[in-house]
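**Q** No sequence on hand, only this structure:
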């Protein structure tokens, strides 16, 4: 693939390497370091003049540092005469702050969108945005890829009794996601209505649907402190479910998340590798991963060659 360069930020080097290996190219040379006053300094170690540049950086770990590093990398490539700079952001940072739901609340996702545009990004590739309207915060093209095809493949290959399953959304916001998966598997779906007293703390849950003597598969876009999915798992087992699986696109697992997973009754908690999972898997052996680097690599290849990426919305590349 001529005229293409892929650079990795420091948030998820392993994923960037897998993407580069899949495309059969080497990662570009980049050195990122901090001055003693904690300012980030980035040096691009090779020419990008006239090249199609892709910068891989996920919104995990030290999110603010990684976001700043990505902005600096985009700017560095842009002023070094790159023909196009694409930010590949598997987990979009600040995606949960996407609306003004109370007085004087910020819409931080819009601020991040502005920062990326001003830094010089020409195109954004991301996966399973927490709120799809974030695409509208940009005046540049945004490709929001879906983990759904990879999730369907995992369910069929790893859950023997998937035909006797119920796909469950742990909140009303995920209803569209679970109905889509349930339709493609030709199984039923259920919904858990939850009420929050405050952020990251669930007050009450009500199950809408029947899971008696079925395998319950909880599907959500992200798991942070895991309070919701662990509450939901208990609720489903009380309602008569045989087994409970949780399948989540972004496994953030902050705070007490891993101890909650170890204490819950999941058969498995399945996440994609949009964020690094090796450390999490060492602590909680129920966590399994789905590799989404083939989807991201194929999106890069199709974008570079000017092909449609809509094939990836319903298929996993071979």
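**A** Structure received. Predicted model only: the values in this text are computed from it and were never measured.
**Q** now the strands for this protein?
**A** Assigned by DSSP state E, the chain shows strands spanning 4-8, 30-34, 40-44, 52-56, 84-89, 123-127, 142-145, 165-169, 188-198, 201-208, 215-223, 243-251, 268-272, 287-290.
**Q** Least confident of the ones you listed, on average?
**A** Per-segment mean pLDDT for the strands of the chain reaches its minimum on strand 201-208, at a mean of 77.
**Q** Tabulate the strands of the chain (TSV), appending mean neighbour count.
**A** Any C-beta I mention is one placed from the backbone N, CA and C, and that applies to glycine too. Shown next, in TSV, are these (neighbours: other Cβ atoms under 10 Å):
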stretch	mean neighbour count
strand 4-8	23
strand 30-34	13
strand 40-44	16
strand 52-56	26
strand 84-89	26
strand 123-127	21
strand 142-145	20
strand 165-169	26
strand 188-198	15
strand 201-208	13
strand 215-223	24
strand 243-251	25
strand 268-272	24
strand 287-290	19
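**Q** Residue 63: which of those strands is closest?
**A** Evaluated over the strands of the chain, closeness to residue 63 peaks at strand 84-89, with 11.3 Å, by Cβ to Cβ.
**Q** Paired strands for that closest one, with orientation please.
**A** Paired with strand 84-89 in the same sheet, following DSSP bridges, are strand 52-56 (parallel), strand 123-127 (parallel).
**Q** would you list the strands of the chain in JSON lines and tack on distance to residue 232?
**A** JSON lines is the format used below for those (distance: least, Cβ to Cβ, whole Å):
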{"stretch": "strand 4-8", "distance to residue 232": "35"}
{"stretch": "strand 30-34", "distance to residue 232": "39"}
{"stretch": "strand 40-44", "distance to residue 232": "39"}
{"stretch": "strand 52-56", "distance to residue 232": "32"}
{"stretch": "strand 84-89", "distance to residue 232": "28"}
{"stretch": "strand 123-127", "distance to residue 232": "23"}
{"stretch": "strand 142-145", "distance to residue 232": "25"}
{"stretch": "strand 165-169", "distance to residue 232": "7"}
{"stretch": "strand 188-198", "distance to residue 232": "5"}
{"stretch": "strand 201-208", "distance to residue 232": "7"}
{"stretch": "strand 215-223", "distance to residue 232": "6"}
{"stretch": "strand 243-251", "distance to residue 232": "8"}
{"stretch": "strand 268-272", "distance to residue 232": "12"}
{"stretch": "strand 287-290", "distance to residue 232": "17"}
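**Q** Nearest approach to residue 258 belongs to which of those strands?
**A** Closest to residue 258 of these is strand 287-290 (Cβ to Cβ; 8.2 Å).
**Q** and for the closest one, what are the contacting residues?
**A** Contact partners of strand 287-290, identified using Cβ atoms under 8 Å, 6 or more residues apart in numbering, comprise 147, 150-151, 154, 158, 251, 261, 268-273, 277, 280-281.
**Q** Identify the residues contacting residue 40.
**A** Neighbouring residues of residue 40 by Cβ under 8 Å, 6+ apart: 32, 33, 34, 65, 68, 69, 72.
**Q** so what's residue 30 bridging to?
**A** Under the criterion used (DSSP bridges), residue 30 bridges to residue 44.
**Q** quick one: it from residue 155, how far?
**A** For residue 30, the distance to residue 155 equals 37 Å [Cβ to Cβ, to the nearest Å].
**Q** The stretch 51-200 of the chain: helices as residue ranges?
**A** With DSSP state H, counting those that start in this stretch as the criterion, the stretch 51-200 of the chain has helices at 63-79, 108-119, 148-158, 175-185.
**Q** can you list the domains in the protein?
**A** Structurally, the chain divides into domains by automatic domain parsing as follows: 4-146+293-313, 148-290.
**Q** Can you tell me which of those domains has the worst average pLDDT?
**A** Lowest mean pLDDT within the domains of the chain: domain 148-290, at a mean of 92.
**Q** roughly how far is that domain from the heart of the chain?
**A** Here the centre of domain 148-290 is set off from its chain's centre by 15 Å, with Cα atoms, centre = their mean, to the nearest Å.
**Q** next one: stretch 65-82
**A** Centroid displacement of stretch 65-82 relative to its chain, using Cα atoms, centre = their mean, is 21 Å.
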